[in-house]
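> Need coordinates for the following:
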Amino acid sequence: MRQIRKFVKWVPVLGLLFGQYHYAANSQAQKQTALDSEVSQNIEGYIIFLNAQPLSKNAQSKNIDPNLVNQLTKMFHLGNVRPDLTQKYEDAFIAHPEYFNQTLVRSAPYMHFIVNEVARRNMPGEIVLLPFIESRFTPSVKSHAGAKGIWQFMPATGKQYGLDLTNLYDGRDDFYAATMAALDYLEYLYSLFGDWPLAIAAYNAGENRVQKAIDEAQAKGLYPSFDNLRLPKETTNYVPKLLAVRNIIRNHKAYNLSVANLANKPYFENVKINHPIALQTIAQLANVPLSEIQNLNPSYKAAIYVPNNNRNLLIPRSSYRRFFDNYNRMIKKDQSSWYALKIQNSQTIGEISSALNIPVADLQSYNNLGSGVVPAGKTIFFRLPKGNNISELVSDQFSVLSLNDFESPLSFSKKKSVRIVYNKSNKVSGPKSKNSGIIKVSNKKSNGKKKVVQTTKKNNNTKNAKKSTRR
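I've put the predicted structure just below:
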């Protein structure tokens, strides 16, 4: 009886402790839900999450660090070149730590993939940091010389390494394809020079310019190392700048600099689908903001993903299963064909909507248009529901082509004009259908033959292959 009384006395205490535990667990769950919600909002939210939260202590392997920056540090093994210039850039970066960290933070969606691909190829870890100085990991950035993308490919070199450039797609902005191309190119340059600093210099200046500097050094009896080469000023600074970034990341504690933590896990999945689809619809199916899909897929010039063997569609890893579940359900219900329409005379979006019998909201979301006037010469994209057709009648307002025809850079040179004819039963009314983004491209062959350019990758062991210059 006495034991029962003692137990009864402890019941309120136990209840209080359980209540506190339950409250704490719920609070933690609510906090995690809020963070997950923030992560799904956009890439920047994901980056903030990475820097605000402690990283997991559980690694998949003893050789894998949960902090991606620490993992990367283990891969560094290049020697030093031009210590004077390297020190100069170290001082400059340390004087502006916010610039350094902002760039590192911006790399979060991309860094894990690059680190793993560089490690798979047994390349030095310093290669991972090339986009740090090329583009600051900024999607779609373009240099004054015309180099583009995170890896800053020039059109000719990009084409040589399989990066297509069409009216609808720029492979230099396709992060996945451009990363593979850049690493292929760097491996080729290393096979030419047998030295990573020289290969990196050639990535900046072009292999012809580096070879010329080597020949000049050898003519003077000098060993053709990076320090002994007479290179353009930009290239002379290029490799030391890269090594300065490397040194700060590796020794940031010695510099009393706090470096952002990045989670050692993939941010995106590369998915393959067989139908063109609006980026807005991709975002809806994945339940993420359109800006997140656009940031991961800046290679699509229109707001449409157009499938092709070389092209990639990147979806946040946390959402790609949801995307596929929704996509597979919806593709069976709604199939359409996409068309490119060139405006002959300036018109408002409302006038175009009325002429095409397509909701204004659809035209705006597919083309990133506002509510104002669409200027003459601009191309916009629209889709026709299954059952509608295009008849070849003269029109002074529009020139229309299928997406397949529009892919060719000479698409509108024929000045082919058509008028759109609709079945009355398919007249659009009311709010936009939730299924409106799932489409199917017409398999109809065009009258003109398409010129097909086959691009072959350079053999890493072929020194006599045609040379190219990036800048």
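
> Strands along this protein, start to end?
For the chain, the strands defined by DSSP state E cover 268-271, 277-278, 304-305, 313-316, 336-343, 347-348, 373-374, 379-385, 389-391, 398-402, 419-421.

> In TSV, list the ones you listed along with distance to A286, mean neighbour count and mean pLDDT.
No exception for glycine: its C-beta is placed from N, CA and C like everyone else's. Output for those, formatted as TSV (distance: least, CB to CB, whole Å; neighbours: other CB atoms under 10 Å; pLDDT from 0 to 100):
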stretch	distance to A286	mean neighbour count	mean pLDDT
strand 268-271	10	18	94
strand 277-278	11	25	90
strand 304-305	12	24	90
strand 313-316	6	24	96
strand 336-343	20	22	83
strand 347-348	32	16	88
strand 373-374	29	18	88
strand 379-385	19	21	83
strand 389-391	31	12	58
strand 398-402	27	19	76
strand 419-421	31	16	41
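
> Make CSV out of these and add distance to T235.
Putting those into CSV (distance: least, CB to CB, whole Å) gives the following:
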stretch, distance to T235
strand 268-271, 32
strand 277-278, 42
strand 304-305, 37
strand 313-316, 32
strand 336-343, 41
strand 347-348, 49
strand 373-374, 44
strand 379-385, 39
strand 389-391, 52
strand 398-402, 43
strand 419-421, 53
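
> Now do the helices in the stretch 1-150 of the chain.
Per DSSP state H, counting those that start in this stretch, the stretch 1-150 of the chain carries helices over the ranges 2-41, 43-52, 68-73, 83-95, 97-106, 108-120, 130-134.

> hmm, who's touching the third one?
Judged by CB atoms under 8 Å, 6 or more residues apart in numbering, the contacts made with helix 68-73 from elsewhere in the structure are 64-65, 104, 111-112, 115, 125, 128, 249-250, 259-264.

> let's see it at 7 Å
Helix 68-73 has contacts (CB atoms under 7 Å, 6 or more residues apart in numbering) with 64-65, 111-112, 115, 125, 128, 249-250, 259, 261-264.

> Correct me if wrong: F175 contacts I150.
Yes - the criterion here is CB atoms under 7 Å, and F175 meets it with I150 at 6.0 Å.

> Residues that sit against both of these two, list them.
Y110.

> how much space between the residue nearest to W151 when sequence neighbours are not counted and K342?
Distances taken as CB to CB, 6 or more residues apart in numbering put A182 closest to W151, at 4.1 Å, once the chain neighbours are dropped. Distance, A182 to K342, using CB to CB, to the nearest Å: 34 Å.

> One more: L165?
Applying CB to CB to L165 and K342 gives a distance of 19 Å.

> again, but for M75
Applying CB to CB to M75 and K342 gives a distance of 49 Å.

> Also A95?
The spacing between A95 and K342, counted by CB to CB, is 50 Å.

> do the same with K378
Taking CB to CB, one finds K378 at 7 Å from K342.

> ditto for L296
Distance from L296 to K342, by CB to CB: 29 Å.

> Could you do S291 as well?
27 Å.

> Just list the residues touching R82, thanks.
R82 makes contact with D227, P240, according to CB under 7 Å, 6+ apart.

> Y255 too?
Per CB under 7 Å, 6+ apart, neighbours of Y255: I94, I248.

> what's in contact with stretch 292-308?
42-43, 109, 139-140, 167-171, 173-174, 268, 273-280, 282-283, 313-314, 316, 338, 365-368, 381, 403.

> hang on, the earlier thing: filter the contacts of helix 68-73 down to the buried ones and hand me the PyMOL line.
Applying 16 or more other CB atoms under 10 Å to the contacts of helix 68-73, the buried members can be selected in PyMOL as follows:
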select buried, resi 65+111+112+115+125+128+249+250+259+261+262+263+264
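
> Kindly reformat the contacts of helix 68-73 as JSON lines and extend each row with pLDDT.
As requested, these are exported to JSON lines (pLDDT from 0 to 100):
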{"residue": "I64", "pLDDT": "75"}
{"residue": "D65", "pLDDT": "81"}
{"residue": "M111", "pLDDT": "96"}
{"residue": "H112", "pLDDT": "96"}
{"residue": "V115", "pLDDT": "97"}
{"residue": "G125", "pLDDT": "98"}
{"residue": "V128", "pLDDT": "98"}
{"residue": "I249", "pLDDT": "95"}
{"residue": "R250", "pLDDT": "95"}
{"residue": "V259", "pLDDT": "87"}
{"residue": "N261", "pLDDT": "87"}
{"residue": "L262", "pLDDT": "91"}
{"residue": "A263", "pLDDT": "91"}
{"residue": "N264", "pLDDT": "93"}
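
> Which of the contacts of helix 68-73 sits closest to S225?
G125 (21.0 Å; CB to CB).

> ok, so what distance separates that closest one from L198?
Using CB to CB, one obtains 18 Å as the distance from G125 to L198.

> Over to L242?
13 Å.

> shaky segments in the stretch 1-150 of the chain?
By pLDDT under 70, the weakly predicted segments of the stretch 1-150 of the chain are 1-63.

> List the contacts of the residue nearest to R136 when sequence neighbours are not counted.
Closest residue to R136 apart from its sequence neighbours, by CB to CB, 6+ apart: T103 at 4.7 Å. Counting by CB under 7 Å, 6+ apart, T103 touches F132, R136, F137.

> A201 too?
Contacts of A201 by CB under 7 Å, 6+ apart are V210, F226, L231, T235, Y238, V239.

> So what pairs up with P385 in the strands?
Bridge pairing for P385 (DSSP bridges) gives the partners S336.

> What's the PyMOL syntax to select whichever of the contacts of stretch 292-308 are buried?
The buried subset of the contacts of stretch 292-308, as determined by 16+ other CB under 10 Å, is captured in PyMOL by this line:
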select buried, resi 42+43+109+139+140+167+168+169+170+171+173+174+268+273+275+276+277+278+279+280+282+283+313+314+316+338+365+366+367+381+403
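
> thinking again about what came up before, for the contacts of A201, which one is nearest N326?
Each of those was scored against N326 by CB to CB, and Y238 proved nearest at 45.1 Å.

> what residues are up against the closest one?
Going by CB under 7 Å, 6+ apart, Y238 touches A201, N204.

> Apply 8 Å and report the result again.
Per CB under 8 Å, 6+ apart, neighbours of Y238: I133, I200, A201, N204, A205.

> Quick one: residues contacting the closest residue to L130 other than its chain neighbours.
Excluding its sequence neighbours, the residue lying closest to L130 (CB to CB, 6+ apart) is L242, at 6.6 Å. Going by CB under 8 Å, 6+ apart, L242 touches E126, L129, L130, F132, I133, I200.

> any idea how far the closest residue to L231 other than its chain neighbours lies from N237?
In space, and not counting its chain neighbours, L231 is closest to A213: 5.3 Å by CB to CB, 6+ apart. As judged by CB to CB, A213 and N237 stand 15 Å apart.

> Alright, calling it a day.
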